[in-house]
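In: Pasting the sequence and the predicted coordinates here, then a few questions.
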Amino acid sequence: MGNVGTSKFQFPAQYHKFHKDQVFNFQLNRWYSLGYARLEDMQEAGHSVTSFDNWKTELIRLGEKAVSEARFVNAAFYFRAAEFYILTDSAEKSALYEKFRNCFNKAFEKDEIERSDIPYGNSFLPAMRVAAKSQQKKGTIVFHGGFDSFIEEFYSMMAFFSEHGYDVVGFEGPGQGAARRKYGIAFDYEWEKPAKAILDYFNLDEVTWLGISMGGYLCFRAAAFEPRIARVIASSVAFDYAKFHNIVAEKVGKLFFTRLRRISNYKMKKMIERGGMPAWMIGNLMYIANAKEPIGATDLMLKLNATNLHSDLVKQDVLILTGKDDHFVPFKMHDMQVHALTNARSVTARVFTKEDQAQNHCQIGNIGLALDVMLNWLDRVSCAKRN
């Protein structure tokens with residue numbers, strides 16, 4: 001398979017086996033697939049990384065090397081990769097975030113990126129706007145990621161749509177990026193609130209709303225309550241986090257997180273002490289939720305359910321993109337979400353397989369194909385509406 005890309009970014013069409021552990025392999029593929037990393041660097045990291053601590057060391061080393069060679073795009077996202085798996089909120093994590101932002105700004109200082117701080121309550125939400133590169137503008141797309149994303153991560157995708165005639169606005173909502181780190185805004189699943197702030201500030205209507213990863217849940221919540229959203233694209237749909245496992249595990253989990261809260265909190269603290277992936281997941285959840293105890297962060301996740309999603313209120317045209325082998329979100333969520341959209345104007349669902357090289361979470365492995373599917377769908381629904 002070849003590469004798909006704009007004049008600025010290339011999206012390589014292959015999911016690589018950089019590392020034997022999917023926890024590390026997916027992240028290495030993530031930055032490569034989005035057009036930010038060199039193949040040889042990801043291969044080197046795949047051979048060198050052996051643990052969470054070692055991950056940080058190797059990615060920082062690659063980042064510093066990239067800086068010394070003035071490869072600021074690579075450097076930015078290697079620092080982001082290192083920051084991602086640091087277990088706790090710390091001065092080191094903050095310093096790597098600043099290195100990421102500084103390198104990103106250096107890498108794209110000549111690009112026409114308009115940054116704004118959007119008033120939100122007593123604080124602000126960071127936003128990036130990239131104008132359409134053609135005189136014939138097709139409309140506006142609003143981008144956001146999921147639980148712990150930074151809006152800069154999606155710049156390659158924003159640039160793609162810009163070069164195909166769309167104004168693109170990306171933002172960080174509650175719990176994400178600088179909204180959390182700079183402005184202290186904890187996660188809130190009521191995504192219609194940041195949606196209103198963004199649409200008001202830029203005076204937008206009839207927009208396409210694109211949510212990625214957990215954003216595939218949040219975009220439907222926003223669309224359910226915000227009529228200025230005309231079209232919804234969800235890359236990965238979670239639908240109901242409580243239903244990821246079977247019914248027995250669901251009931252046991254509910255018991256532990258409602259009636260046996262003290263025991264659950266104690267067990268999660270012990271998991272944090274042991275380190276590794278479980279420690280990172282709990283610690284990251286606590287940071288995003290601004291929770292003092294693990295059980296408080298779990299309370300937030302339990303709110304990400306079908307009842308609070310209000311899929312029945314979504315009346316827009318909908319495109320859902322799902323990886324058949326998504327290791328984060330069980331495939332059964334795909335059908336559950338599709339069937340719940342009972343009042344949508346239209347629902348188009350695309351499942352990506354190994355043959356597509358896009359079978360993973362958020363189509364990592366073939367972002368170019370996913371973007372083409374989105375672009376073709378937008379052209380189709382826009383044409384149908386005109387006729």
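Out: Everything's here; your move. These figures come from a predicted structure and were not determined experimentally.
In: What's the local residue count around the closest residue to residue 215 other than its chain neighbours?
Out: Leaving aside its sequence neighbours, residue 215 sits nearest to residue 146 (C-beta to C-beta, 6 or more residues apart in numbering; 4.6 Å). From N, CA and C alone the C-beta is placed, and that goes for glycine too. For residue 146, the neighbour count with other C-beta atoms under 10 Å is 23.
In: likewise residue 100?
Out: 24.
In: so it, which of the three states?
Out: helix (DSSP: H, G, I helix; E, B strand; the rest coil).
In: residues touching it, list them.
Out: By C-beta atoms under 8 Å, 6 or more residues apart in numbering, residue 100 lies in contact with 76-77, 79-80, 83, 150, 152.
In: Helices of the stretch 101-250 of the chain, start to end?
Out: 155-163, 177-181, 192-202, 215-225, 247-258 (DSSP state H, counting those that start in this stretch).
In: Residue 357: which of those helices is closest?
Out: helix 155-163 (16.9 Å; C-beta to C-beta).
In: Break down the chain into its strands, ranges please.
Out: All strands of the chain, identified by DSSP state E, fall at 3-5, 10-12, 113-120, 123-130, 139-144, 166-171, 207-212, 229-235, 317-323, 346-352.
In: Which positions in the fourth one come out as buried?
Out: When you say that, I think you mean strand 123-130. 124-130 (16 or more other C-beta atoms under 10 Å).
In: what's the answer for stretch 292-303, then?
Out: So, applying 16+ other C-beta under 10 Å, buried residues of stretch 292-303: 294-295, 297-298, 300-301.
In: if we can go back for a sec, go through the helices of the stretch 101-250 of the chain and pick out the most buried.
Out: helix 215-225 (a mean of 27; mean count of other C-beta atoms under 10 Å).
In: So what touches that one?
Out: 144-146, 149, 173, 189-192, 194-195, 209-211, 229, 232-239, 241, 304, 308-311, 313-314, 316, 320, 337, 341.
In: CA atoms of it as PDB?
Out: The C-alpha trace of helix 215-225 is given here as PDB (Å, rounded to 0.1, in the frame of the first residue of the first chain):
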ATOM      1  CA  GLY A 215     -14.900  12.000  21.200                       C
ATOM      2  CA  GLY A 216     -17.000   9.400  19.400                       C
ATOM      3  CA  TYR A 217     -19.200   9.400  22.500                       C
ATOM      4  CA  LEU A 218     -19.000  13.100  23.300                       C
ATOM      5  CA  CYS A 219     -19.900  14.200  19.700                       C
ATOM      6  CA  PHE A 220     -23.300  12.500  20.000                       C
ATOM      7  CA  ARG A 221     -24.000  14.000  23.400                       C
ATOM      8  CA  ALA A 222     -23.200  17.500  21.800                       C
ATOM      9  CA  ALA A 223     -25.400  16.800  18.800                       C
ATOM     10  CA  ALA A 224     -28.300  15.700  20.900                       C
ATOM     11  CA  PHE A 225     -28.600  19.100  22.500                       C
END
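In: Could you tell me the angle between it and strand 317-323?
Out: In terms of direction (axes from the mean of the first three to the mean of the last three C-alpha atoms, to 10 degrees), helix 215-225 departs from strand 317-323 by 170 degrees.
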